[in-house]
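# coordinates for the following, if possible.
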Amino acid sequence: MAAVEAWFLAGPVDRRLMPVEVTADGSPPAVVNLPQAGFYVGASGIAAPPVEHVYVLADRRDGIEVYQYQQPPSEAGG
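As a prediction, this is how the structure comes out:
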C-alpha cells in the first residue's frame, strides 16, 4: 500500500497524523471518510447506523497533506 502522511484538523481525530492510501495515479484522495467504530451501549436493542466522519483535502504544509473536517449539516446549523 502506497501512502502519504496526512494531518487531520478538527472533528474526532483533530491534530492527528495518519497515513492515507494514495490513488492509482499516486495522488492523495480528495476526500477521506472515517467511520466511527466502537462499542454499542444503549437502551435500544438495535444499534443506530455507524456515523461516518468526512475530511476534505484542504492544503499541503511542509510535504504533509492537510485534511479539514467537514461538519455534517445537523452540526453546522443547517
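
# low pLDDT regions in this structure?
Segments of the chain classed as low confidence (criterion: pLDDT under 70) are 37-40, 75-78.

# now the strands: where do they sit in it?
Applying DSSP state E to the chain gives strands spanning 3-9, 16-21, 31-35, 52-61, 64-70.

# buried deepest among those, which one?
Among the strands of the chain, ranked by average contacts under mean count of other CB atoms under 10 Å, first place goes to strand 64-70 (a mean of 18). C-beta coordinates here come from the backbone N, C-alpha and C atoms, glycine included.

# still on that earlier bit, make a markdown table out of the strands of the chain and add distance to residue 44.
Converted to a markdown table, the strands of the chain look like this (distance: least, CB to CB, whole Å):
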| stretch | distance to residue 44 |
| --- | --- |
| strand 3-9 | 31 |
| strand 16-21 | 31 |
| strand 31-35 | 20 |
| strand 52-61 | 20 |
| strand 64-70 | 28 |
